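Visitor: sequence and predicted structure below; questions after.
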Amino acid sequence: MPKKLAAGNWKMNGTSASQTEVTALCGGIEQVSCDVLLCPPATLVAPMASWAAGSTLSVGGQDCHANATGAHTGDISAPMLADAGASHVILGHSERRADHGETDDLVRAKTQAAHAAGLIAVVCVGETEEERDAGRALDVVGAQIAGSLPGGVTGANTVIAYEPVWAIGTGRTPTLDQIGEMHDFMRDVLARQLGDQGRELRLLYGGSVKPGNAAEIFAVPNVDGALVGGASLRAADFLGIIRALDAA
Ligand code: 13P
């Protein structure tokens, strides 16, 4: 069984004033056995890594460029994230696929760059509401997994996050059957593609996970944790989700 992971994606939220929440989170996870990760905006990666020093909290980026250095104004590379204290990086989030036109090919190149820098890639996939209504959710996610993962993927260097686009920030979640169907499907696809390593990859669910619905989601087979947006911003909320994961 892969070790469970509670990951928080702060998106474009957080400043130096966020230190109190991070300190509270670090204190709250002392007795917790699952892995806990926070991915703040790039400006906070280095400060958060120092706030988290001595705790079990891991820190990650939310994106990286596919190249290690070069003339790419405004971009940040995987080695730079590692240098700032990150151990993980979220890649291919649906907000980046939508806002920045990121394709599976680009996500694959970025994932390769993350691996080369020693970072664990949290690769996001998920269908739109239109695609689900058209009965295409499994096909879409299967194609995203096939297109977004480079060679050399292992359970140690990659995590997959299933985030249905229509469930992000909306308070709506798929039924537990729908989550179970998708996670079983992803497990099958990965096991076929990667053999034993495909069984080791952590499969996170993301999209309106809250303390109140976390336990039932974590009871679904092949759900190895969550990628949490809004509810990861406050330590008290995120700790509620982390405790539910630990108890699952
Ligand atoms: P919410 O938890 O706010 O729905 O966001 C989910 C998400 O996009 C995490 O990456």
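Guide: Here it is on my side, so go on. Numbering: from 1, shown residues only.
Visitor: only C-alpha atoms from now on, for both contacts and neighbour counts.
Guide: Fine.
Visitor: what is whichever helix or strand residue 189 is part of packed up against?
Guide: Here residue 189, judged by DSSP states H and E, is contained in helix 176-194. In terms of contacts (3 or more CA pairs under 8 Å, 6 or more residues apart in numbering; DSSP states H and E), helix 176-194 is packed against helix 137-148, helix 196-200, strand 202-206, helix 211-218.
Visitor: that one versus strand 202-206: what angle between them?
Guide: If you take axes from the mean of the first three to the mean of the last three CA atoms, to 10 degrees, helix 176-194 sits at 150 degrees to strand 202-206.
Visitor: what angle do helix 176-194 and helix 137-148 make?
Guide: 30 degrees.
Visitor: return the distance of helix 176-194 from the chain's centre.
Guide: How far helix 176-194 lies from its chain's middle: 16 Å, per CA atoms, centre = their mean, to the nearest Å.
Visitor: again with stretch 49-58
Guide: 18 Å.
Visitor: show me the contact partners of that stretch.
Guide: Stretch 49-58 has contacts (CA atoms under 8 Å, 6 or more residues apart in numbering) with 19, 22-23, 26-27, 29-30, 35-38, 59, 84-88.
Visitor: spell out the secondary structure type for residue 69.
Guide: Three-state assignment for residue 69 (DSSP: H, G, I helix; E, B strand; the rest coil): coil.
Visitor: and the helix holding residue 189, which residues are buried?
Guide: 179-180, 182-187, 189-191, 194 (16 or more other CA atoms under 10 Å).
Visitor: for residue 161, give me its contacts.
Guide: Residue 161 touches 122-125, 203-206, 226-227, counting by CA under 8 Å, 6+ apart.
Visitor: adjacent strands (with direction) for the host helix or strand of it?
Guide: For residue 161, the host element (DSSP H and E) is strand 158-162. Here strand 158-162 has these sheet partners by DSSP bridges: strand 120-125 (parallel), strand 202-206 (parallel).
Visitor: so which of the ones you listed comes closest to the ligand?
Guide: Nearest to the ligand among the strands paired with strand 158-162 is strand 202-206 (5.1 Å), distances taken as CA to the nearest ligand atom.
Visitor: what does this structure put close to the ligand?
Guide: Taking CA under 6 Å from any ligand atom as the contact definition, the chain meets the ligand at 9, 168-169, 206-209, 227-231.
Visitor: where's the closest residue to residue 66 other than its chain neighbours, which helix or strand?
Guide: Once flanking residues are discounted, residue 66 sits nearest to residue 110: 4.3 Å by CA to CA, 6 or more residues apart in numbering. Per DSSP H and E, residue 110 falls inside helix 104-116.
Visitor: alpha carbons of that helix, as CSV, please.
Guide: Presented in CSV, the C-alpha positions along helix 104-116 are these (Å, rounded to 0.1, in the frame of the first residue of the first chain):
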residue,chain,number,x,y,z
ASP,A,104,0.0,17.0,-22.2
ASP,A,105,3.3,17.3,-24.1
LEU,A,106,4.4,20.3,-22.1
VAL,A,107,3.3,18.6,-18.8
ARG,A,108,5.4,15.6,-19.8
ALA,A,109,8.5,17.7,-20.5
LYS,A,110,8.0,19.5,-17.2
THR,A,111,7.6,16.2,-15.3
GLN,A,112,10.9,15.0,-16.8
ALA,A,113,12.5,18.3,-15.7
ALA,A,114,11.2,17.8,-12.2
HIS,A,115,12.5,14.3,-12.0
ALA,A,116,15.9,15.4,-13.3
